[in-house]
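# pasting the sequence and the predicted model now:
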Amino acid sequence: MTFILFGPFMSAVIAALLSRWRRVTAVCGLLAAIILWLLLRAEPAITQDKTLFGAVLVLSPGARALLLFLYAGLALLFGLALLFPQGGKLVPATLAAYGFLALALLARPSLFGAFFLAAGLALLAVAIQDDRAGLVQGGMRYLAMAALALPFLLAAGWLLDTQPPGAAELVGRVALWAGLILLAAFPFHVWATTIIRELSPLVWLLLFGLAQLVVTVFVFGLLPDGVNGEMVRLVEFTAVLTLLVALLLLLTAVTLPRLISGLLLADMAVVALLLVFDPATGGQTAVTVQTARFFSLLVLGIGLLLWSRFGSGALTAAAESGAQPRSQGIARRAPFTTIGLLLGCLSLAGLPLTSGFAGRWQVIQLLLRGEGAILALLLLATMGAGVMALLRALPYWLTPAAESPPQPVEARWLQISWAIGLLLALYLAWQPPTWLAVLNP
Amino acid sequence: MSFPTIFDWLERFAFLRGYPAALGVLATAVIIVLAWEWRVAILALAAQYLLLGLLYVDVLDPRLAVVKILVGLFVCLILTITAGQVSWGRLPVDVLPAEAEQIKAEQRVNIGPLAVPVSGLLRLAAAAVMFLVVWALVDRAGGLPLLAGTAVPATPVYFELAVVGLLAFGLLAMTISPEPMRIGMGVFMFLSGFELYFSVLDQSAATLAAMAALNLLAAVVISYLVQRRYAIPALLD
């Protein structure tokens, strides 16, 4: 248990010392994540208590399952960082941040959890910046967002720990604000699009896949059973606003970053919508949506990292920035990479036969059961707009360039790797509980 | 000769406690938003932490209030060292303006003997509006809205003035400038405002230690980001 708690920080120090050699840092992170996963897996599935600076750390079965998922996710992330080297600070900052985020999941009372969560989110700003001067502002904005959510997190934690059960509504109100800021990026939608446009897909995976999952679990853990009408309206307003921004981005998308930003914002709005349902149903559905988002971004991220070797981010000829149309005919030159990218996008949009569908379907059902028919329609409209944007791009990607110098073509080994990966992705979409069983023996 | 104790210091500065301290906090917040010279802004931040210490004494044991002041001064020290390392936001002597595409010289207007940046005038207008908003919020009274309805002890108006002022000007500093140092100072003001309010709710040593750790961690992260922004490769990028 001690190594599980302090291991991430120790490995972060080692990774920081080795940060000059990027692949070595990635190996260090990969080994740390695997060792932590194995150690955690060997821990008995019973509640264990340990005291740290006055906070009691409780390894409940739920927290254990989530931590197993997080460390498996980190191992995948660092594995990808080995194949596609990133900046020197990504691995150490990520390990340190996840050390705090893990403590946030285990710490009782909730006030301490809020402190650990805030510390973890603050460190993610360094991971965002990742040694690239142009991304300082992105990192600072994330830090500012975490600072803005901190009062609500701490106040909710304090209320939960000290106030009588009658104050549950107030706890919910305060926690909802934190949830809206951190989960729906409200009112920081532009920040999310900047992250997608400027940062490596691995950082998206880190922020929107794994970190958001921890925030989701933490915020839903603070919410009471019922939320009053005023807050329901606020959440719905936020979600509608986010969905409208997403819809606008999708309808006007001429580049991949804009398309992905739109899809991601729609997914974030879905999680925000779930904040008003009772925590048991809403929380479980939100976790389903978040884990599906992780897999979608994983496929999409790998696709995009490989895609950049064959083409640009243009969806149409007019959007090409260089003299040579790099993306024209890319689907013929790199068919498997294109399919991977499409699958990632469709999964993020929540279409059937993808891992994103299960969560999205549950949300639509929940909305239709209540009075959220209009919201469900808006959600379906964003899904449709996402598909339409992809359909607009397909003819351009399929049409071979008339006269152009030879362009790179997908290698056979890459096609075989993609084929195996895509079959696995489809299997996981068909049988979603399988991976849960593997992670939580 | 004996060195004065915390209580001696408090007695000496008793005339500043209450409204003068709150107004001083508000004044330093305005200076931080307006000052284009980093040295002035950091000095104002340090003065703000000292004045905040006088407000903390109203709700905390004076020995704990001193810890808050020390943490604040350490934050300022970290920011000062960082600012010095990056030439206070100016170009290093061995980098020519033509080489540094990332740093554009800000347009200035002459007002008397002062060459004021154009953005300074905008900041002045925004600060004036924010000042009115803060005054209106505090004047409306009725306690701070976040935890209205709970058994939160009543606080004097000057306390609310300092809390609302710090939160508002912190937010303003975070949003009004793209510079990491300025955003960072906004983060610290915002955190200070909330910390002051939270000290009414929770006076435990564990919370105090956690807040101190969080402040120092934020200082390290902000310093790192400021250094990355003004590192020579970034300037020449």
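Done, it's in. In this text the structure is predicted, and so the values were computed from the model without any measurement.
# okay, and the residue positioned nearest the centre of chain B sits in which element?
The residue lying closest to the centre of chain B (C-alpha atoms, centre = their mean) is B:Met189, at 3.7 Å. Per DSSP states H and E: B:Met189 is located in helix B:180-201.
# would you map the helices across chain B?
Under the criterion DSSP state H, chain B contains helices at B:6-12, B:19-34, B:38-56, B:62-85, B:118-140, B:157-176, B:180-201, B:205-230, B:232-236.
# weakest of these by average pLDDT?
Sorting these by mean pLDDT places helix B:232-236 lowest, at a mean of 63.
# among the helices of chain B, which is nearest A:Leu207?
helix B:205-230 (15.3 Å; C-beta to C-beta). For glycine as for every other residue, the C-beta is placed from the backbone atoms N, C-alpha and C.
# now the angle between helix B:38-56 and the closest one, please.
Calculated by axes from the mean of the first three to the mean of the last three C-alpha atoms, to 10 degrees, helix B:205-230 forms an angle of 170 degrees with helix B:38-56.
# next, see if helix B:205-230 gets close to chain A.
Yes - Helix B:205-230 lies within reach of chain A by C-beta under 8 Å from any C-beta of the partner chain, at B:206-207, B:209-211, B:213-214, B:217-218, B:221-222, B:224-226, B:228-229.
# show me which pair in those is furthest apart.
Those two in these that are separated most widely, counting by C-beta to C-beta, are B:Ala206 and B:Arg229, at 34.7 Å.
# ok, the two, which is more surrounded?
B:Arg229 (25 against 15; other C-beta atoms under 10 Å in any protein chain shown).
# so what's the closest residue to the more buried one other than its chain neighbours up against?
Excluding the flanking residues, the one nearest B:Arg229 by C-beta to C-beta, 6 or more residues apart in numbering or on different chains is A:Val136, at 4.2 Å. The contact partners of A:Val136, by C-beta atoms under 8 Å, 6 or more residues apart in numbering or on different chains, come to A:129, B:180, B:225-226, B:228-229, B:234.
# A:Val136 sits in which helix or strand?
helix A:136-162.
# then A:Ala419?
helix A:412-430.
# related to what we said a few turns ago, please pick the buried ones from the residues of helix B:205-230 next to chain A.
B:207, B:210-211, B:214, B:217-218, B:221-222, B:224-226, B:228-229 (16 or more other C-beta atoms under 10 Å in any protein chain shown).
# just the closest of these to A:Val409, please.
Distances from A:Val409 to these, taken by C-beta to C-beta, are shortest for B:Arg228, at 38.0 Å.
# how many residues are close by the closest residue to B:Phe198 other than its chain neighbours?
Residue nearest to B:Phe198 in three dimensions, not counting chain neighbours: A:Leu154, with 6.3 Å by C-beta to C-beta, 6+ apart. Using other C-beta under 10 Å, A:Leu154 has 28 neighbouring residues.
# quick one: contacts for A:Leu154?
Contacts of A:Leu154 by C-beta under 8 Å, 6+ apart are A:111, A:114-115, A:118, B:194, B:198.
# apply 10 Å and report the result again.
A:Leu154 makes contacts with A:110-111, A:113-115, A:117-118, A:174, A:178, B:194-195, B:198, B:201-202, B:207, B:210-211, B:214, as judged by C-beta atoms under 10 Å, 6 or more residues apart in numbering or on different chains.
# could you do B:Phe15 as well?
Counted by C-beta under 10 Å, 6+ apart, B:Phe15 has contacts B:Ala21.
# again, but for the one 4 residues further on
B:Tyr19 makes contact with B:156-159, B:161-162, according to C-beta under 10 Å, 6+ apart.
# one more time with 8 Å, if that's ok
B:Tyr19 touches B:Tyr158, counting by C-beta under 8 Å, 6+ apart.
# check the one 10 residues further on too.
With contact taken as C-beta under 8 Å, 6+ apart, B:Ala29 is in contact with B:48, B:165-166, B:169-170, B:189.
# got a markdown table for those, with distance to chain A too?
Below are the contacts of B:Ala29 laid out as a markdown table (distance: C-beta to the nearest C-beta, whole Å):
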| residue | distance to chain A |
| --- | --- |
| B:Gln48 | 17 |
| B:Gly165 | 15 |
| B:Leu166 | 11 |
| B:Phe169 | 14 |
| B:Gly170 | 8 |
| B:Met189 | 10 |
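# neighbour-wise, which of those leads?
B:Phe169 (30 neighbours).
# surely that residue is in contact with B:Ser192?
No - applying C-beta atoms under 8 Å as the test, B:Phe169 and B:Ser192 come out as separate, 10.2 Å apart.
# which non-adjacent residue is nearest the residue nearest to the centre of chain B?
B:Gly170 (3.5 Å).
# need the contact list for that neighbour.
B:29, B:186-193.
# what about the residue nearest to A:Ala376 when sequence neighbours are not counted, is that helix, strand or coil?
In space, and not counting its chain neighbours, A:Ala376 is closest to A:Leu367: 4.2 Å by C-beta to C-beta, 6+ apart. Secondary structure for A:Leu367, judged by DSSP: H, G, I helix; E, B strand; the rest coil, is helix.
# dump the residue contacts of the nearest residue to B:Met181 once chain neighbours are set aside.
Leaving aside its chain neighbours, B:Met181 sits nearest to B:Val226 (5.1 Å; criterion: C-beta to C-beta, 6+ apart). Shown in contact with B:Val226 (C-beta under 8 Å, 6+ apart): A:136, B:82-83, B:86, B:180-181, B:184.
# report the two of the residues you listed separated the most.
A:Val136 and B:Ala83 (15.0 Å).
# quick revisit: quick check: the residue nearest to the centre of chain B touching B:Val163?
No - B:Met189 is beyond contact range of B:Val163, at 11.1 Å (criterion: C-beta under 8 Å).
# give me the nearest residue to the residue most central in space within chain A, chain neighbours excluded.
In chain A, the residue lying closest to the centroid (C-alpha atoms, centre = their mean) is A:Gly209, at 1.8 Å. Nearest residue to A:Gly209, sequence neighbours excluded (C-beta to C-beta, 6+ apart): A:Phe294, at 3.7 Å.
# identify the residues contacting that neighbour.
Contacts of A:Phe294 by C-beta under 8 Å, 6+ apart are A:73, A:205, A:209-210, A:213.
# now for those: which two are most distant?
So, the contacts of A:Phe294 by C-beta to C-beta: farthest apart are A:Leu205 and A:Leu213, at 11.1 Å.
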